[in-house]
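Asker: predicted coordinates and the sequence they were generated for:
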Amino acid sequence: AAGVIQSPRHLIKEKRETATLKCYPIPRHDTVYWYQQGPGQDPQFLISFYEKMQSDKESIPDRFSAQQFSDYHSELNMSSLELGDSALYFCASSFTGTSQETQYFGPGTRLLVL
Amino acid sequence: AQKITQTQPGMFVQEKEAVTLDCTYDTSDQSYGLFWYKQPSSGEMIFLIYQGSYDEQNATEGRYSLNFQKARKSANLVISASQLGDSAMYFCAMRERRISSGSARQLTFGSGTQLTVLP
């Protein structure tokens, strides 16, 4: 079965650079979520999109932005990178047509800011 | 206040034995979903099992079962016949009800339990 695809899997950036993370949800899933997991921490929700419209958003830095495109893939953009942005970034997708609405996670993008 | 509490930072279990990972939650919603995910050292987040707040029976998925006690607001994961490959971090998560039609609801995670299966 198709899974959530994330690219790149690993990313190394310098401080103050920009990073773009991409996510391709499971086909026919209508909702995409982004989570950030710091070392030794649980995943923290960043932002979500339902049918290409921003749905929910936590208090994330203005340096972070995201969008979902017509083909349902999503991109998370992070500018002016800081050392503290180093983390594992997950994209997850779900289909709201079921009562469970299980979120299936991609393999994650491991971002290291030097 | 913590919405999801996992009080066991680390657990050890002998291979082939059963183990219970604890999870308590806090919500004022009547409609919510509870999930368990497994995160091996490689980092991916693997969905294991789901329990809906209105489900009257405990969920089961192969060797995984969920001991759901709604009045106590607990949703413990039981892994039977542990295998070496079960060694991983396990997260309990909750999805509360949708605010409005069409809006997504994110997961809130507990701090996780690191399970080690001993040969």
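Answerer: Here it is on my side, so go on. Numbers count the residues shown, from 1 in each chain, chains lettered A, B, ... in the order given.

Asker: pull the residues that contact the helix or strand harbouring A:Glu75.
Answerer: Under the criterion DSSP states H and E, the helix or strand holding A:Glu75 is strand A:74-78. Identification of contacts with strand A:74-78 by Cβ atoms under 8 Å, 6 or more residues apart in numbering or on different chains yields A:18-23, A:25, A:32, A:34, A:46-47, A:49, A:63-69, A:85, A:89, A:91, A:111. C-beta: built from backbone N, CA, C; applies to glycine.

Asker: also near chain B: which of those residues, exactly?
Answerer: Applying Cβ under 8 Å from any Cβ of the partner chain, the subset of those adjacent to chain B comprises A:Phe49.

Asker: what kind of secondary structure is the residue nearest the centre of chain A in?
Answerer: Averaging the C-alpha coordinates of chain A gives a centre point, and the residue nearest to it by Cα atoms, centre = their mean is A:Trp34 (3.2 Å). Taking DSSP: H, G, I helix; E, B strand; the rest coil as the rule, one finds A:Trp34 in the strand state.

Asker: what's the spacing between it and B:Thr20?
Answerer: Computed as Cβ to Cβ, to the nearest Å, the A:Trp34 to B:Thr20 distance reads 32 Å.

Asker: cool, A:Asp71 as well?
Answerer: Here the distance between A:Asp71 and B:Thr20 works out to 43 Å (Cβ to Cβ).

Asker: need the strands for chain B, in chain order.
Answerer: Residue ranges of the strands in chain B, as given by DSSP state E, are B:4-5, B:10-14, B:19-21, B:24-25, B:32-39, B:46-52, B:60-61, B:64-69, B:74-79, B:88-96, B:108-109, B:113-118.

Asker: got it, and chain A?
Answerer: A:5-7, A:10-13, A:19-24, A:31-37, A:44-50, A:53-57, A:64-68, A:74-78, A:87-94, A:104-105, A:109-113.

Asker: now do the last one against strand A:19-24, angle only.
Answerer: Put simply, strand A:109-113 runs at 180 degrees to strand A:19-24, going by axes from the mean of the first three to the mean of the last three Cα atoms, to 10 degrees.
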